[in-house]
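Chemist: here is a sequence with its predicted model. Questions after.
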Protein chains: 2
Amino acid sequence: MTTDFAATRAMFHLPDGIIYLDGNSLGPLPRTAAARVAQVVEAEWGRMLITGWNKAGWMEQPSRVGNRIATLIGAEAGSVVMGDTLSIKVYQALAAAVEMNPSRRVILSDTGNFPSDLYMAEGLCRTLGDGYTLKTVAPEAVADHIDDTVAVTLLTEVDYRTGRKHDMAALTALAHDKGAITIWDLAHSAGALPVHLAACGADFAVGCTYKYLNSGPGGPAFIYVAPRHADRVRPALSGWLGHEAPFAFDLAYRPGGGIERMRVGTPPVLQMAALEAALDIWDAATIEDVRAACLALTDQFIAGVEAVCPTLTLATPRTHAQRGSQVSFRHAQGYAIMQAMIARGVIGDFRSPDILRFGFTPLFIGADDVARAIAILADVMQNDLWDRPEYKTRARVT
Amino acid sequence: MTTDFAATRAMFHLPDGIIYLDGNSLGPLPRTAAARVAQVVEAEWGRMLITGWNKAGWMEQPSRVGNRIATLIGAEAGSVVMGDTLSIKVYQALAAAVEMNPSRRVILSDTGNFPSDLYMAEGLCRTLGDGYTLKTVAPEAVADHIDDTVAVTLLTEVDYRTGRKHDMAALTALAHDKGAITIWDLAHSAGALPVHLAACGADFAVGCTYKYLNSGPGGPAFIYVAPRHADRVRPALSGWLGHEAPFAFDLAYRPGGGIERMRVGTPPVLQMAALEAALDIWDAATIEDVRAACLALTDQFIAGVEAVCPTLTLATPRTHAQRGSQVSFRHAQGYAIMQAMIARGVIGDFRSPDILRFGFTPLFIGADDVARAIAILADVMQNDLWDRPEYKTRARVT
């Protein structure tokens, strides 16, 4: 292992006394991000004004940053572009994919997918009309349902609740064998574990950056289109920055070359600045080292919790190949238990109906943190510390 | 007039020696925005981490800020929400509007509309299929083409090139009389001139915030849905934050109440912070005063330029009621002339094929600036200072 995780940990601002196991929901602040954002605000927006689009390189940033993300997800150079939110990118990928498979009408997904992906698919089916339907099966039944009715598979590689990981290579091969196009949502993969889009022959992928890529709240999403498709997909969200010549201001849309056509509107320059600073961390870390260290941390956490908290039921697969970067336990009092943990400085989160979710990245979490988190969880469970009214009142967001 | 424009001018960071007549493209930096963004990055993201969604009010911010914008555009409280880009908001409004008028198939727009609005409409028509078409006529011919085939009118109130302003009240009434739904793009209106959405009976409106609302590069867009429609529109971009209960993580989409359903994905918290700071300027200014002072500045500019630059042809209507907040002149060498102006500290912009565009807001531009800009333009034109090779080489963005 070549990555020095003490060094990467020092790159983050981590509040004293907090063990932050929720980087899978919102990554912590990279120390350089604050300065980078301030520089963009004051030196670029403030002094360059409109000329920042050229002089500061704002216009090219979505592709430039996309290329840096490409290296983390096994994608070809020039195949990834930033922008919008993950939900919008799902819609965009899905609209392009169904059009590439015009004789079929089924979008196949699973009940472990993040609901917004399903909602966006539902919305697209309604707009498309013409018999398009979203079919949702259990995650373990996906392979059995990929048949010659399926136009597109829309799958999130790592389940946001359980951490269960699909076999991207196998499912992509199966989908192609059955004539289906694949869309992979990498929300819980990018920056957490090695992804091999090109090697798997994936068609489309999408993801967000505010989780394991630490871009901050509301950071931009990304979209990948396999280079073999990129010049023939027809964007449904045909915005001006995806036009071949945006500043010609033509009345008719002509898609830009390759991945550029998946751009839509004006990119969020301040959020992009935070993301770009956050990506510098990857100059000091490899995704393979992150994965290896993460598996050690999660093994430690699973073994430790199971040894001392018998009423918590593991929801995450034990097999390394079948899980992502988080560990989830089920408990009927999950919400209250998580509030008790947060009150004691261990921040994870709760997902309905009964999931306690803990995310692990060695970029800023070490074995000592894991040991302390286990000890605090043991205390909470063994002494029923969660059983207090104030822990049972649900806030809107957890 | 109650607004003290010397005071509002002092609220902006304006580089020395620059006369900035491009706030209609990207507003300058409000002095408080830098501090506000830094606070959100360091004190909220940095210290609150995931709990910022509740503790710092990030989750409610799109509606809270939407309400502040509502007051500037004559909209009802609770009828505006922030998010995404203007192009996405156009798509969202259009998809909802056509569904409300199911027996008709024509989206009517004009050739003066910003191209991205037309491109998004084109993309939606293709996704809808079923005979949906975008019909684009000359701006002055719009009224004549609103007939009983038109499902939706998609019009930008102020033309991005010429500054020509549609009569929103008259066209909305005419559209309703003919059974059409109206969508108004307020990109060049919001923060520039009084808009009376509710009084006009407008159905939908959309806009961006990085122009006259000074939210910075890539600031979020907004969408307005008339309260009488808000609980029955069906979002095509049905993202999780528009769900009735996003954190229930239901598998099926149920639209949220009213305007909340027009939210899609995770809001861009850093950009929202800059916007929120920028909106504080409106505590010291009224939109009516801005309009009155702007008309004086633009009258001064038109008269001054016409007196000394006979080869420039005014592209903006002279009648106050027919123009927005910018003045445009046509010249075959427009690009080079604008480069010569920028080199001399007067920043406007150029729009193909021959438009020199100058935006005026009294929030930070005064009569002295206008006089100096006229003098510099006179010098450039009378002495052919634009006629140099380096001014004729086109950069990608102008």
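Modeler: In hand now; what should we look at?

Chemist: pick out the residue of the stretch 251-398 of chain A closest to chain B.
Modeler: Closest approach between the stretch 251-398 of chain A and chain B, counting by CB to the nearest CB: A:G265, at 2.8 Å. C-betas here are computed from N, CA, C, even on glycine.

Chemist: SS state for that residue?
Modeler: Three-state call for A:G265 (DSSP: H, G, I helix; E, B strand; the rest coil): coil.

Chemist: return the residues of the stretch 51-200 of chain A in contact with chain B.
Modeler: Residues of the stretch 51-200 of chain A lying near chain B by CB under 8 Å from any CB of the partner chain: A:51-54, A:58-59, A:84-88, A:91, A:95, A:111, A:114-116, A:118-120, A:122-124, A:126-130, A:136, A:161.

Chemist: report pLDDT for A:D159.
Modeler: If you check A:D159, the pLDDT there is 98.

Chemist: which residues does it contact?
Modeler: By CB atoms under 8 Å, 6 or more residues apart in numbering or on different chains, the contact list for A:D159 reads A:112-113, A:139, A:165, A:188, A:324.

Chemist: now it: how far from A:P115?
Modeler: For A:D159, the distance to A:P115 equals 12 Å [CB to CB, to the nearest Å].

Chemist: dump the contacts of A:D159 into JSON lines; add secondary structure as well.
Modeler: Shown next, in JSON lines, are the contacts of A:D159 (three-state DSSP):
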{"residue": "A:G112", "secondary structure": "coil"}
{"residue": "A:N113", "secondary structure": "coil"}
{"residue": "A:P139", "secondary structure": "helix"}
{"residue": "A:K165", "secondary structure": "strand"}
{"residue": "A:H188", "secondary structure": "coil"}
{"residue": "A:G324", "secondary structure": "coil"}
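
Chemist: what subset of these is buried?
Modeler: Listed as buried from these are A:112-113, A:139, A:165, A:188, A:324; burial here means 16 or more other CB atoms under 10 Å in any protein chain shown.

Chemist: would you turn those residues into CSV with pLDDT?
Modeler: Listed next are the buried ones among the contacts of A:D159 as CSV, based on pLDDT from 0 to 100:
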residue, pLDDT
A:G112, 96
A:N113, 98
A:P139, 98
A:K165, 98
A:H188, 98
A:G324, 98
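
Chemist: hang on, the earlier thing: just the buried ones out of the residues of the stretch 51-200 of chain A next to chain B, please.
Modeler: Buried by 16+ other CB under 10 Å: A:51-53, A:58-59, A:84-88, A:91, A:95, A:114-116, A:118-120, A:122-124, A:126-128, A:136, A:161, out of these.

Chemist: helices - which of those residues land there?
Modeler: Secondary structure from DSSP state H places A:52-53, A:86-88, A:91, A:95, A:115-116, A:118-120, A:122-124, A:126-128 of those in helices.

Chemist: pull the contacting residues for A:G207.
Modeler: Going by CB under 8 Å, 6+ apart, A:G207 touches A:69, A:73, A:86, A:89, A:185-187, A:189-190, A:221-222.

Chemist: just the closest of the residues you listed to A:C208, please.
Modeler: Nearest to A:C208, judged by CB to CB, of the contacts of A:G207 is A:L86 at 4.3 Å.

Chemist: the lengthiest strand in chain A to helix A:115-128, inter-axis angle?
Modeler: Longest strand in chain A, counting residues (DSSP state E): strand A:150-156. Orientation check (axes from the mean of the first three to the mean of the last three CA atoms, to 10 degrees): strand A:150-156 against helix A:115-128 gives 150 degrees.

Chemist: end to end, how far does stretch A:203-211 reach?
Modeler: End-to-end distance for stretch A:203-211, by CA to CA, to the nearest Å: 23 Å.

Chemist: quick one, what contacts the residue nearest in space to the middle of chain A?
Modeler: Taking CA atoms, centre = their mean, the centroid of chain A lies closest to A:A187, which sits 1.4 Å from it. By CB under 8 Å, 6+ apart, the contact set of A:A187 is A:86, A:114, A:156, A:158, A:160, A:207-208, A:211.

Chemist: can you lay out the contacts of A:D159 as CSV showing distance to B:A367?
Modeler: Shown next, in CSV, are the contacts of A:D159 (distance: CB to CB, whole Å):
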residue, distance to B:A367
A:G112, 64
A:N113, 59
A:P139, 67
A:K165, 65
A:H188, 57
A:G324, 62
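
Chemist: tell me which of those residues is nearest to chain B?
Modeler: Nearest to chain B among those is A:N113, at 8.7 Å by CB to the nearest CB.

Chemist: in this structure the closest one contacts A:T156, no?
Modeler: Yes - taking contacts as CB atoms under 8 Å, A:N113 lies within contact range of A:T156: 5.0 Å.

Chemist: what sits against the residue nearest to A:A367 when sequence neighbours are not counted?
Modeler: Excluding the flanking residues, the one nearest A:A367 by CB to CB, 6 or more residues apart in numbering or on different chains is A:Q300, at 6.2 Å. Applying CB under 8 Å, 6+ apart to A:Q300 gives the contacts A:367, A:370-371.

Chemist: likewise A:T361?
Modeler: Residues in contact with A:T361, defined by CB under 8 Å, 6+ apart, are A:23-24, A:191-192, A:212, A:290, A:294, A:325.
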